[in-house]
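Participant: Sequence plus predicted model, see below.
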Amino acid sequence: MKRRRNFDKSFKLEVVQRSLGDISATELSEELGIHMNTISRWRREYLSTGEASFPGNGVEALSEEQKEIRQLKKELADSKLETQILKKAIRIFSKSDSRSTSL
């Protein structure tokens, strides 16, 4: 069974810098034993996000605004859930109160 190879951020940045220079992705692929598609993907990520690329271990590179937006969306979802629970509880308790007063 093949094990998945992990590369650290500094290695990826070095490969990307070399591929943006005078060495092609194909030559780097042969030299380093890394598939050409992988090098191309690293280049696309680096060109789109710059130095914030390759955060590692599934951690997304988010700006402060994006972090705040994510936090506010989470708080809003929690608030909506609490409201739904309270509405359901009110319905349940109002049904049982009407039965006890009709006796």
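Facilitator: Sure, I can see it.
Participant: just for the protein, where's the confidence low?
Facilitator: For the chain, the stretches with pLDDT under 70 are 57-61, 96-103.
Participant: max-length helix in it?
Facilitator: Ranked by number of residues, the top helix in the chain under DSSP state H is helix 64-101.
Participant: from the middle of its chain, how far away would it be?
Facilitator: Mean-position distance between helix 64-101 and its chain equals 27 Å (CA atoms, centre = their mean, to the nearest Å).
Participant: Next: stretch 28-36.
Facilitator: With CA atoms, centre = their mean, you get 27 Å for stretch 28-36.
Participant: gap between the two ends of that stretch?
Facilitator: One end of stretch 28-36 sits 8 Å from the other (CA to CA, to the nearest Å).
Participant: Buried residues in that stretch, which are they?
Facilitator: Using 16 or more other CB atoms under 10 Å as the burial criterion, the residues of stretch 28-36 that qualify are 28-29, 34. C-beta: built from backbone N, CA, C; applies to glycine.
Participant: With distance to E14 and secondary structure as added columns, please give the residues you listed in TSV.
Facilitator: Output for these, formatted as TSV (distance: CB to CB, whole Å; DSSP: H, G, I helix; E, B strand; the rest coil):
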residue	distance to E14	secondary structure
L28	10	helix
S29	15	helix
I34	12	coil
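Participant: can you list the residues you listed in TSV and add distance to R18?
Facilitator: Below are the buried residues of stretch 28-36 laid out as TSV (distance: CB to CB, whole Å):
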residue	distance to R18
L28	6
S29	11
I34	12
